[in-house]
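Asker: What would the 3D arrangement of this be:
(2 chains)
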Protein chains: 2
Amino acid sequence: MKTSKKSFMPLDIVSLKDESRVVIDFIADYYKNIEKYPVQSKVEPGYLSSMVPDSAPYSPDSLEDVLNDVNECILPGLTHWQSPSFFAYYQASSSNAGLLGEMLCSAFNVVGFNWISSPAATELECVVVDWMAKMLKLPSLFLFSGTGGGVIHGTTCEAVVCTLAAARDKALKELGGNWENITKLVVYASDQTHFTFQKAAKLVGIPPSNFRFLPTSFATEFAMSPELLRSAIEDDIRSGFVPLYICATVGTTSCGAVDPIADLGKVADEYKLWLHIDAAHAGNACICPEFRHFLDGVELASSLSMNPHKWFLTNMDCCCLWIKEPRFLIDSLSSNPEYLENDASNSNVVVDYKDWQITLSRRFRALKLWFVIRRHGVENLMQHIRSDVSLAKKFEALVTEDDRFEIVVPRRTVLVLFRLKPTHGLGGSELNRKLLDAINSSGEAFLTQGVVAGIYAIRCVVGATLTEECHVKDLWSLIQEKARILLLQYNP
Amino acid sequence: MKTSKKSFMPLDIVSLKDESRVVIDFIADYYKNIEKYPVQSKVEPGYLSSMVPDSAPYSPDSLEDVLNDVNECILPGLTHWQSPSFFAYYQASSSNAGLLGEMLCSAFNVVGFNWISSPAATELECVVVDWMAKMLKLPSLFLFSGTGGGVIHGTTCEAVVCTLAAARDKALKELGGNWENITKLVVYASDQTHFTFQKAAKLVGIPPSNFRFLPTSFATEFAMSPELLRSAIEDDIRSGFVPLYICATVGTTSCGAVDPIADLGKVADEYKLWLHIDAAHAGNACICPEFRHFLDGVELASSLSMNPHKWFLTNMDCCCLWIKEPRFLIDSLSSNPEYLENDASNSNVVVDYKDWQITLSRRFRALKLWFVIRRHGVENLMQHIRSDVSLAKKFEALVTEDDRFEIVVPRRTVLVLFRLKPTHGLGGSELNRKLLDAINSSGEAFLTQGVVAGIYAIRCVVGATLTEECHVKDLWSLIQEKARILLLQYNP
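Answerer: Numbers count the residues shown, from 1 in each chain, chains lettered A, B, ... in the order given. Have a look, this model is predicted:
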């Protein structure tokens, strides 16, 4: 940069070095002290409005002042996803490599909507989604080096909206191009499928009444039934509907169920439906040979998504979507206004990722995922998955050893669904709700719930980056102690 | 953190401090040398595949190795949006504050989909969108402290998809709940409106044939005509359609046109249409009183979006959306699965931002915008806008002084649309295409084109963070030199 004559220099190397050191020290202190904070924030709704001004400052505040306010106003209001005692939802794992990758992404601040707007952003993304596909042993049908391709979205929701739109537009075209047929299109999911599919189906204009929730049960460990799917499709065809899209899941949210991809794939193939596999969480484990069977039959799917921002040490946000026939995505989502026209796009030899997603602008997320994979290597990433699974096994064993508790659905990877057995005439729901409240209110750990077949259970997801065996043992002691106190109230 | 017994520590304070210093030094060097790179990348399609391995490394690579590869493989493939000689598209301005805010956001790595999942993420967002609304002097109809509310999306595209879905579902309900009416809904835009509206309308299931492009012309400086809008609405009503949504723009992409919000608002109000204002770029200028008139009539709109990641020194991504009646957004986008159930959401006194957007997971973008606003203050942010506008004025004056050139559409803020006048029997398109190619091929600057009323023109957007007067002067010298050489070919 030339020596500046400006008085206001918002991007300045000298102060950037100084300021970023202050912020990194702040971050290091945060991690050092993270176990001192209640895992789930204890603030009351509206807590912040009294702590901050109601309009923007006219003059600049110092970095010190802003960081003081982060300490005093923001930290108390955070639920600490990076705490080693965070066992809620599915984890948002992170790493030095993910953070550094984000820093570079932010610093370059390129907007790679088409190839020419930053070729490296597009080409590295193509490389990295192929790397990840190979780690998952996906068939070459899904790779750029094969006949398919992949893209990095922010979240599964985006991947689902885009694949639904692609499937929709393909079907409308096949039906003769009459848009009125949109009301005939039907989407299939199980009652365990993530709600985002239902939201996405409605978002792309498929009537909510055309969304089928196939029931699941303990008998199949809450996996979707290919027989019920076939029967629902047959019913819909008889009623004049057009079966469109199946959402299968590898690792559902409530209980970690794994849908039988190969058998669902056969049905999809027979009736020519789009089969999408949502492997947001458990898909991460599929880089290990012992979990790869979850994806058996994937060659029958049209698309597959998996979130490195969940369990792959990749800071938010990062969702890989692979698609067997990218042209359907592009047919649905592409537009080429004059102001973006360029020789590279005209040549048709480049990928323009704007045509693979909802939005035009996009961040250089591939850089982050590339950092994560290179800085850890497949070796350590597998060790990381196995270490979390091993801790989850230990937790499961602790639950099993205690007669007052039971495992509700068998563990697949790192989600342990358990509950206090109903006792003293108390329904399991009330009891376990109270237990969960007591655990979370302690501030020492944070877990959430899942409900399967009407049974309210507690979900323990082992896999925050900083979680070690001691935290799992502490969690179990906490649960036992809270259970003891709770049961004492009913049986003093 | 407790002393770790793990051999693999992906999140480790000691190495985080060391590694982040190395990366910050790398970033500082990048900015220091940024003028040495060709602004628009000169690589050929497919350049990267021969430079990187075709599968992930089994063992970790060192940070040094990865950064070396960034230097050798990535930098040559970047189009440098942060270069002071980047005048293409609309700028993606950035700042120390934006970068530091992103670092903290990444480090906390919280996922604030509902209030309880990180109260501070939600509450700071409510505070910051109100701050921004006040800076823009929006009526309290759009503020949480008034009767509306705002949300931070990644991009305008998301804001448009969500407001279209909200308008759609409101209309379908009013029409009796029959989803078949989706094929009757009509969206209005001008032929200058960003293509994202058309893509979004199709995405939410509105038939592409129901998207009306109202013609614009030089007579109104390419602003949308309220008369044509009214007449199109009347036509559609007569034909049995249901007019739904109007996209108005403050600062269009091709030429920076500003649609007459107040007059369009009256039409919207009369026919009960949803009026959305896309102020993605020029909206940033509206914090200065001298530009605020662009938004006159905003009280008649249903929603308004503006992108701080364009011109507000906020690193990607950040789009503020304000909405007068958030309940319509929530009615359309909300879902409450059992696994997310919690007391705070049940109480209905908190904002759950998952119901204000497409996706479930979301980054803590408010932290970044809060950093940007506080570290600069309204004072400097206004100065920043004015300084860019002043440079654009200077560039415009240079163009005007040279008889070979002409301004195509009058400048509104920082977009100068100009061209070489047709000469020697040469069409303006061919001439200016060649001129633009010559400029961009030099590597010394990067600009893009706009086409209005069939006229191909060159867009010069002044406003990359590092751009100073010298860069604008250098740009003009470059353009003059390339024009001289080009014209010489035709008139030797």
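Asker: So what touches the helix or strand A:Asn440 falls within?
Answerer: In this assignment (DSSP states H and E), A:Asn440 forms part of helix A:428-441. With contacts defined as CB atoms under 8 Å, 6 or more residues apart in numbering or on different chains, helix A:428-441 is touched by A:39-40, A:419-423, A:445-449, A:455-458, A:478-479, A:482-483, A:485-486. Quick note: C-beta positions are derived from backbone N, CA and C, even for glycine.
Asker: Got a quick PyMOL command for the buried subset of those?
Answerer: The PyMOL command for the buried members of the contacts of helix A:428-441 (criterion: 16 or more other CB atoms under 10 Å in any protein chain shown) is given here:
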select buried, chain A and resi 39+40+419+420+445+446+447+448+449+455+456+457+458+478+479+482+483+486
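Asker: on that earlier part again, may I see the buried residues of the helix holding A:Asn440?
Answerer: Neighbour-count burial for helix A:428-441, with 16+ other CB under 10 Å as criterion, is recorded at A:428-429, A:431-432, A:434-436, A:438-440.
Asker: same question, stretch A:45-52
Answerer: Counting neighbours by 16+ other CB under 10 Å, one finds that the buried residues in stretch A:45-52 are A:45, A:47-48, A:52.
Asker: Closest one to chain B out of these, please.
Answerer: Using CB to the nearest CB, A:Leu48 comes nearest to chain B of those, at 3.8 Å.
Asker: Please name the spatially closest residue to the closest one (chain neighbours excluded).
Answerer: Residue nearest to A:Leu48 in three dimensions, not counting chain neighbours: B:Glu123, with 3.8 Å by CB to CB, 6 or more residues apart in numbering or on different chains.
Asker: Over to A:Gly251?
Answerer: A:Ala282 (2.7 Å).
Asker: Would you check that the one you found makes contact with A:Leu295?
Answerer: No: contact status for A:Ala282 versus A:Leu295: not in contact, 9.5 Å apart, counting by CB atoms under 8 Å.
Asker: which neighbours do these two share?
Answerer: By CB under 8 Å, 6+ apart, the residues touching both A:Ala282 and A:Leu295 are A:Val250.
Asker: quick one: contacts for A:Tyr353?
Answerer: The contact partners of A:Tyr353, by CB under 8 Å, 6+ apart, come to A:112-114, A:122, A:125, A:151, A:362.
Asker: For A:Asp352, the count of nearby residues, please.
Answerer: If you count neighbours by other CB atoms under 10 Å in any protein chain shown, A:Asp352 ends up with 21.
Asker: Oh, that last question was meant for A:Ser334, not what I typed.
Answerer: Applying other CB under 10 Å, we find 14 residues neighbouring A:Ser334.
Asker: What residue in the stretch 151-300 of chain A comes nearest to chain B?
Answerer: Nearest to chain B, among the residues of the stretch 151-300 of chain A, is A:Gly205, at 1.5 Å (CB to the nearest CB).
Asker: number of nearby residues for A:Leu172?
Answerer: Other residues close to A:Leu172 by other CB under 10 Å number 21.
Asker: Now it: closest residue in space that isn't a chain neighbour?
Answerer: Looking at A:Leu172 with CB to CB, 6+ apart, the closest residue is A:Asn181, at 5.8 Å.
Asker: so how far is A:Val204 from the one you found?
Answerer: From A:Asn181 over to A:Val204 the distance is 14 Å, taken as CB to CB, to the nearest Å.
Asker: ok, those two, which is more surrounded?
Answerer: Higher neighbour count among A:Asn181 and A:Val204: A:Val204, with 27 against 16, using other CB under 10 Å.
Asker: hmm, back to that, what helix or strand does the residue nearest to A:Leu48 sit in?
Answerer: With DSSP H and E as the test, B:Glu123 turns up in helix B:119-135.
Asker: Only the buried residues of that helix, if you could.
Answerer: Residues of helix B:119-135 classed as buried by neighbour count (16+ other CB under 10 Å): B:119-135.
Asker: How about the contacts made by the residue nearest to A:Leu48?
Answerer: A:46-49, A:77, B:115.
Asker: what does the domain assignment say about chain A?
Answerer: The record's domain split for chain A, according to automatic domain parsing, is A:111-363, A:378-490.
Asker: can you put the contacts of A:Tyr353 in a markdown table and add secondary structure?
Answerer: Formatted as a markdown table, the contacts of A:Tyr353 follow (DSSP: H, G, I helix; E, B strand; the rest coil):
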| residue | secondary structure |
| --- | --- |
| A:Gly112 | coil |
| A:Phe113 | coil |
| A:Asn114 | coil |
| A:Thr122 | helix |
| A:Glu125 | helix |
| A:Val151 | strand |
| A:Arg362 | coil |
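Asker: can you put those residues in JSON lines and add pLDDT and distance to B:Val414?
Answerer: Shown next, in JSON lines, are these (pLDDT from 0 to 100; distance: CB to CB, whole Å):
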{"residue": "A:Gly112", "pLDDT": "94", "distance to B:Val414": "23"}
{"residue": "A:Phe113", "pLDDT": "95", "distance to B:Val414": "20"}
{"residue": "A:Asn114", "pLDDT": "96", "distance to B:Val414": "22"}
{"residue": "A:Thr122", "pLDDT": "98", "distance to B:Val414": "27"}
{"residue": "A:Glu125", "pLDDT": "98", "distance to B:Val414": "30"}
{"residue": "A:Val151", "pLDDT": "98", "distance to B:Val414": "32"}
{"residue": "A:Arg362", "pLDDT": "96", "distance to B:Val414": "23"}
